[in-house]
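Asks: After the sequence you'll find the predicted model.
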Amino acid sequence: MNLQWYPGHMTKTRRLIQENLKLVDMVIELVDARLPLSSRNPDIDNLIGRKPRLLLMNKCDLSDPEVNVLWEKWFQNQNQSILLIDSITGKGLNKIYEVSQALLKEKIEREKRKGMISRPITVMVVGIPNVGKSSFINKMSGKASTKTGDKPGVTRGKQWIRLKNGFELLDTPGILWPKFEDIEVGKKLAYTGAIRDEIIEIEELTCSLLEFLRDNYKQNLINRYRLDEVEKASGFELLETIGRKRGCIISGGEVDTFRAASIILDEFRAAKIGRISLEKPEE
């Protein structure tokens, strides 16, 4: 599979993040709950340094509930503050302010002693494409984001967005870009749509996904597509079988594998095959 990625935006984004870190109290990092490690930029720890950070496993409604629990424990064992959220429904968002206050407890107490009471918590949100950053900000701010004006020391007209529950978000780009040498990481990102389908051989990608589902979520695959035997079938055989069942037939009775692959990818991304996690902590 020929997956290519051009992280040309990373240099500019790295510089913006580093320049603006000093303007915020903490960083909120969003990852995709279906692949919490693969959906992180590997440079994030070095970029953020010792700045307080809250990790949000977004799209937890799409991932395997049992695996979610494993990831939650795993990150907690790494001394990482973490919450499971769904930015579409708002699940888990009400806990963010409380956890953020706990992370910044010492700083808040120092400021109170100086007479700085009820100051908003300033935040930078980072994440790779397709982890739901825009949905998160929109849900937190309540539809339209409210500009709160310039602040001292903020250059070139940077704006702050007032979010719910006493947050202010610095609205500079926080989008990191995936950087991978491991083809498996690239495939996982492609399964979820974090890499544009236009640059991918989606039939080959879907065959790989079907083999993953065959080995890890066999019953989900059988139930969704009413299959009889999957254990001995290759990814391409599964793709053809599902294509025939879905009526993806072209002239001559052959299966339109491109159309079938598109359907399967769409259904996986919408969790119609079930709540699937693409990686587990022990891996």
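Replies: Nice, thanks for sending it over. Residues are numbered from 1 along each chain as shown.

Asks: just checking, residue 176 touches residue 128?
Replies: Yes: proximity of residue 176 to residue 128 meets the contact threshold set by C-beta atoms under 8 Å, at 5.2 Å. For every residue, glycine as well, the C-beta is placed using N, CA and C.

Asks: low-scoring stretches of the protein, by residue?
Replies: Where the chain drops to pLDDT under 70, the residues are 1-10, 143-158, 172-174, 178-180, 283.

Asks: Longest helix in it, by number of residues?
Replies: Ordering each helix of the chain by length in residues (DSSP state H) puts helix 202-216 first.

Asks: got the buried residues for that one?
Replies: Along helix 202-216, these residues count as buried under the neighbour rule (16 or more other C-beta atoms under 10 Å): 202-214.

Asks: which one of those sits closest to residue 83?
Replies: Distance to residue 83 across the buried residues of helix 202-216 (C-beta to C-beta) is lowest for residue 212, with 27.0 Å.

Asks: gap between that closest one and residue 221?
Replies: For residue 212, the distance to residue 221 under the criterion C-beta to C-beta, to the nearest Å works out to 10 Å.

Asks: of residue 176 and residue 128, who's got more company?
Replies: Comparing residue 176 with residue 128 by neighbour count (other C-beta atoms under 10 Å), the higher total belongs to residue 176, at 25 against 22.

Asks: Restrict the strand or helix carrying residue 82 to CA atoms and write it as PDB.
Replies: The secondary structure element spanning residue 82 is strand 81-84 (assigned by DSSP states H and E). Backbone C-alpha positions of strand 81-84 (Å, rounded to 0.1, in the frame of the first residue of the first chain) are rendered in PDB as follows:
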ATOM      1  CA  SER A  81      -5.100  13.500  33.100                       C
ATOM      2  CA  ILE A  82      -7.700  12.100  30.700                       C
ATOM      3  CA  LEU A  83     -11.400  12.300  30.000                       C
ATOM      4  CA  LEU A  84     -13.600  10.300  27.500                       C
END
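
Asks: which residues touch the next helix or strand along the chain from that strand?
Replies: Downstream of strand 81-84, the next assigned helix or strand under DSSP H and E is helix 96-103. Under the contact criterion C-beta atoms under 8 Å, 6 or more residues apart in numbering, helix 96-103 has outside partners 26, 28, 52-54, 56, 81, 83, 85, 108, 121, 123, 140, 165-167.

Asks: Please repeat the previous calculation with a cut-off of 6 Å.
Replies: Contacts of helix 96-103 with the rest of the structure, by C-beta atoms under 6 Å, 6 or more residues apart in numbering, involve 52, 81, 121, 165.

Asks: Then stretch 261-273?
Replies: Contacts of stretch 261-273 from elsewhere in the structure, counted by C-beta under 6 Å, 6+ apart, are 62, 193, 202-203, 206, 220, 224, 246.

Asks: Helices of this protein, start to end?
Replies: For the chain, applying DSSP H gives helices covering 10-20, 44-48, 65-77, 96-103, 105-113, 133-141, 183-192, 202-216, 218-225, 235-245, 257-269.

Asks: quick check: angle from the longest one to helix 235-245?
Replies: If you take axes from the mean of the first three to the mean of the last three C-alpha atoms, to 10 degrees, helix 202-216 sits at 100 degrees to helix 235-245.

Asks: what about residue 185, neighbour count?
Replies: Neighbours of residue 185 (other C-beta under 10 Å): 19.

Asks: wait, isn't it in contact with residue 40?
Replies: No: proximity of residue 185 to residue 40 does not meet the contact threshold set by C-beta atoms under 6 Å, at 10.0 Å.

Asks: how about residue 203, what does it touch?
Replies: By C-beta under 6 Å, 6+ apart, the neighbours of residue 203 are 257-258, 261.

Asks: how about a cut-off of 8 Å?
Replies: The contact partners of residue 203, taken as C-beta under 8 Å, 6+ apart, are 239, 257-258, 261.

Asks: Between which two of those residues is the distance greatest?
Replies: Using C-beta to C-beta, those reach their maximum pairwise distance at 239 and 258, which is 10.0 Å.
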